Every structure is written in structure tokens, then in C-alpha cells.
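*Asks:* Below is the sequence, then the predicted model.
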Amino acid sequence: MSSGRTHDRITLWTLPLVVLVAFRITLDGWLTVVVCLGFLLGGWVLGPDLDIHSVQYKRWGWLRWIWLPYRGSMRHRSRWSHGPIIGTTVRVLYVSVWLALAGLVVVDVLNHAGRTALTWGDLLRGIGWGMQTYWPWWLALVAGLELGALSHYGADWLSSRTKRRKRRTVNPRAKGRGQRAKGRGQKAKGRRQRAKGKRH
Ligand SMILES: [Zn+2]
């Protein structure tokens, strides 16, 4: 597992590549900006390591407690947090639930104060309209979030591979010893079987 700082750096270093690819695909400056925003958010704030006490988790400041149920319900680096597509989907849904709750509280308070007269239906229609009208922007944001998470998964995968290789170079005899012991065991077994054959 790479450290939080390494992940932050990788996100920053790969940003120019994301700018290029996003602009090539969208051919739109503002959509590219949204993809990049999503990418930075996905790497720095809404990242896969929210499943542990990480830099990303600490960046939520006094709101970090909202991630406690998320952390508690999955193993670190499980596919629910570190799986391509599924990780981002779970996090986006999770944040949406909290946003919806916050929205309901705000609307309720405003309604009670007599400033608004909004119903649940009004809210749902408003959200539906926003999604339909601005769908390219939402899509750009989610694509950016997923790219940010992908850079994280890639770095995690590379670092565990390197660690495994290093372990093998530091202790190359570990496997050899095991095989030799196994070889000795097989020879002994052969001897026992031959002796048994002579007895019959
Ligand atoms: Zn990770």
C-alpha cells in the first residue's frame, strides 16, 4: 500500500495526462475542468482509502465522522472500496445519501421558518430536472472521480507487487529450502514404500 503522500503526488503528476485525454474526448474546456475537478476530488478527498484512518479521511475535517459507518462496514482494500467502478459507485451513493439527508434537514428548517413551502415531490422533481439538464456535467464529474480512484488502485497494485518482489530478493532461499525439505520427505517416503514392498 502506498502512503497517502505518494498517492497525492501521483494524482498531481498524472493530472496533465487527464487534462489531455479529457479535452480530446469532450472537446470542451469547461467539461475538461469538471473532469479534472472530479479527478482531484477522487484522488485527494473522495478516495478509496476512506476505508481506513487515512489522509483522505482526515481531509473531511469536522465532517469526517460521516465516513465511520463506511469504514466500519468493509475491510481495507476490499473490492467495495478498491474495486474499479464499484468503489466509486459505492462512495458516490454513500455521499448522496448524506447529501440527501442534509438537504431534507435544510428544507425542513426553511419550511418551518416560513421561508419556503417545499415538498418532497418538489425536491425530487428538482433533482430529476438537474440531472437531465446537466447530465454531461455529472457524467464528467463521475468520470473524473473514477479516474482519480483508478490512479489510486494502480499505485496500490504496483507497490504491493514491488514489495512482494523485494521480499523474494531479500530471502531467495525461503522457497528453495521448502522445496529441498519436500524432496527429502519424498525420498523417505520412497524408501518406506520399497521396504514395505520387500516385506510383502
Ligand atoms: Zn488504497
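*Replies:* Now that the structure is in, tell me what you want to look at.

*Asks:* rest of the way, CA atoms for contacts and neighbours
*Replies:* OK.

*Asks:* Is P136 in a helix, a strand, or coil?
*Replies:* helix (DSSP: H, G, I helix; E, B strand; the rest coil).

*Asks:* Identify the spatial nearest neighbour of it, chain neighbours not counted.
*Replies:* The shortest distance from P136 to any non-neighbouring residue, by C-alpha to C-alpha, 6 or more residues apart in numbering, is to L31 (7.8 Å).

*Asks:* and if you look at T116?
*Replies:* Spatial nearest neighbour of T116, excluding adjacent residues (C-alpha to C-alpha, 6+ apart): L110 at 5.7 Å.

*Asks:* pretty sure the residue nearest to P136 is in contact with W138, am I right?
*Replies:* No. In this structure, L31 is not within contact of W138 by C-alpha atoms under 8 Å, at 9.6 Å.

*Asks:* Run the chain-centre distance for the strand or helix carrying I127.
*Replies:* Assessed by DSSP states H and E, I127 sits inside helix 120-133. Here helix 120-133 is found 29 Å from its chain centre; the criterion is C-alpha atoms, centre = their mean, to the nearest Å.

*Asks:* Stretch 146-159 now?
*Replies:* Counting by C-alpha atoms, centre = their mean, stretch 146-159 comes out at 8 Å from the chain centroid.
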